[in-house]
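J.: Mind folding the following:
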Amino acid sequence: MKIKTIVAALLSAGVATLAFADINVGVLVSATGPAASLGIPEKNTFALMPTTIAGEKVKYIVLDDASDTTTAVKNTRKLLTEDKVDVIIGSTITPNSLAMVDIVAEAETPMISMAASARIVEPVDAKRRWVFKTPQNDVQMSTAITEHMSNSGVKTVAFIGFADAYGEGWWQEFSKIAEVRKLKMVASERFNRADTSVTGQVLKLMSTNPDAILIAGSGTPAALPQKALKEKGYKGRIYQTHGVANNDFLRVCGRDCEGTFLPAGPVLVAAQLPDTNPVKKTALNYIAKYEKAHGPGSVSTFGAHAWDAGLLLANAIPVALKKGKPGSKEFRLGLRDALEATNNLYAAHGVYSMTATDHLGLDQRSRVMVKIEGGKWVVQK
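T.: Residues are numbered from 1 along each chain as shown. Okay, the predicted model is just below:
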């Protein structure tokens, strides 16, 4: 009788363990290295996320890939094989996210990237069916920039971007849209995230006398070409991408970024948006939570990319739980299917409505053009 009681207790404990298994979320951020100004607010944001969703405990396992592709790959494999995560959120930057695609697809584990390039999720093939992302595509933002350039009388444009997948993705998308807009591309240069000088590239750009120059970089490294352009006396318009939308960029660039134009997610200027804007409320909610923890003015668009990934996950988990228990193949597939079925999810950066061919799902409501004036972001009407 005593043995039966012990066995029953063990079985009961086993069932309880299965019923209350944690949902393990693997997180990769670039909290150190050249992309640290992007990765740190993302890392901070995960500390604000719910630890219980649909009655299940959620465990966030956060690793730093140091802005390095090799480390991102190693950490992704660790999260999948050792930590047995149900989903991966990350990484911060495009090269790392692209390197992770094959790994998560092989493991049949969904991934939500916090990087910008459309190539992370397009085309939605056998591998990318497992991959989603929250930042606006370079295609969307290129359209906003070229429209602003055309409306401002710009005729000729020079380009300088990162010598990696981020810069190349921007060049490919921007140059195609620029051609349609009848904007003449007169020069194209590259630089590395860790470079300390771009004088040679800047002089080549200026020799073509462009009306405007687009800098396709992210975080504080994107300030390097801008400061060099100002130092050499460039008088034309300067545009940046949404990869610089944080206060660290403003701090490093200083007066040299005055007058710069860029497209940005609405969370960057949420307080300036009209009350009729559909994402103002959710954007302000995130800002309030982040600034309560880290102080006034500390919020950035990059932390909001992480926040939106959390909202997507919180929306998908209740559906996935109907398909299987956390830790199971059925649960991971259920998460993938639920993410793909996301519809009209109001978040900090826009309204997400995904499909089998669109694993971003943002529309024009996800972007605004801003200008840097007096060291602040100002919405352009």
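J.: where does this structure dip in pLDDT?
T.: 1-20 (pLDDT under 70).
J.: tell me the helices in it, going along the chain?
T.: For the chain, helices defined by DSSP state H occupy the ranges 2-19, 36-46, 69-81, 94-107, 138-151, 165-180, 199-207, 223-231, 247-253, 280-294, 301-320, 329-340.
J.: Tabulate these (TSV), appending distance to W130.
T.: For glycine as for every other residue, the C-beta is placed from the backbone atoms N, C-alpha and C. Output for these, formatted as TSV (distance: least, Cβ to Cβ, whole Å):
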stretch	distance to W130
helix 2-19	25
helix 36-46	21
helix 69-81	12
helix 94-107	5
helix 138-151	21
helix 165-180	19
helix 199-207	37
helix 223-231	35
helix 247-253	32
helix 280-294	26
helix 301-320	13
helix 329-340	6
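J.: looking at these, which is closest to D363?
T.: Closest of the helices of the chain to D363 is helix 138-151, at 8.7 Å (criterion: Cβ to Cβ).
J.: The closest one - contacts with which helices or strands?
T.: Counting contacts by 3 or more Cβ pairs under 8 Å, 6 or more residues apart in numbering; DSSP states H and E, helix 138-151 is packed against helix 165-180, strand 237-240, strand 261-264.
J.: Name the surrounding residues that touch the last one.
T.: Under the criterion Cβ atoms under 8 Å, 6 or more residues apart in numbering, residues 136, 140-141, 144-145, 148, 237-242, 244-245, 301, 367-372, 377, 380 lie in contact with strand 261-264.
J.: Domains in this structure, by residue range?
T.: 2-136+287-366, 139-264 (automatic domain parsing).
J.: residues touching V378, list them.
T.: V378 neighbours (Cβ under 8 Å, 6+ apart): 269, 272, 370-372.
J.: Dump those into TSV; add neighbour count and distance to S117 as well.
T.: Shown next, in TSV, are the contacts of V378 (neighbours: other Cβ atoms under 10 Å; distance: Cβ to Cβ, whole Å):
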residue	neighbour count	distance to S117
V269	21	23
Q272	15	28
V370	22	21
K371	15	25
I372	21	24
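J.: Skipping its backbone neighbours, what lies nearest the residue sitting nearest the centre point of the chain in space?
T.: Closest residue to the average C-alpha location of the chain: M114 at 3.0 Å, with Cα atoms, centre = their mean. Distance criterion Cβ to Cβ, 6 or more residues apart in numbering; nearest residue to M114, sequence neighbours excluded, is H305 at 4.3 Å.
J.: Around that neighbour, how many other residues sit close by?
T.: Applying other Cβ atoms under 10 Å, we find 30 residues neighbouring H305.
J.: correct me, but it touches P135?
T.: Yes: H305 is within contact range of P135, at 5.0 Å (criterion: Cβ atoms under 8 Å).
J.: Which neighbours do the two have in common?
T.: Common neighbours of H305 and P135 (Cβ under 8 Å, 6+ apart) are 114, 265, 349.
J.: Go through those and name the one nearest T70.
T.: M114 (18.9 Å).
J.: OK, contacts around that closest one?
T.: Under the contact definition (Cβ under 8 Å, 6+ apart), the residues listed for M114 are 29, 42, 89-92, 97, 133-135, 302, 305-306, 309.
J.: Can I get the domains of the chain in TSV including distance to T276?
T.: Listed next are the domains of the chain as TSV, based on distance: least, Cβ to Cβ, whole Å:
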stretch	distance to T276
domain 2-136+287-366	11
domain 139-264	19
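J.: quick one on the thing from earlier: quick check: of the contacts of M114, which lies closest to F331?
T.: I89 (16.0 Å).
J.: From the structure, what's the count of residues near the closest one?
T.: For I89, using other Cβ under 10 Å, the count is 29.
J.: For it, name its beta-bridge partners.
T.: Beta-bridge partners for I89, by DSSP bridges, are V27, I112.
J.: need the contact list for it.
T.: I89 touches 25-28, 111-114, 306, 309-310, 313, counting by Cβ under 8 Å, 6+ apart.
J.: likewise D86?
T.: Contacts of D86 by Cβ under 8 Å, 6+ apart are 23-25, 109, 326-327, 331-332, 335.
J.: swap in T109?
T.: T109 touches 80, 85-88, 130, 332, counting by Cβ under 8 Å, 6+ apart.
J.: Mind putting these into JSON lines with distance to R193?
T.: Formatted as JSON lines, the contacts of T109 follow (distance: Cβ to Cβ, whole Å):
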{"residue": "L80", "distance to R193": "27"}
{"residue": "V85", "distance to R193": "28"}
{"residue": "D86", "distance to R193": "32"}
{"residue": "V87", "distance to R193": "28"}
{"residue": "I88", "distance to R193": "23"}
{"residue": "W130", "distance to R193": "27"}
{"residue": "R332", "distance to R193": "33"}
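J.: Looking at these, which one is closest to S218?
T.: Looking across the contacts of T109 and measuring by Cβ to Cβ, the closest to S218 is I88, at 20.7 Å.
J.: Run a quick neighbour tally on that closest one.
T.: 28.
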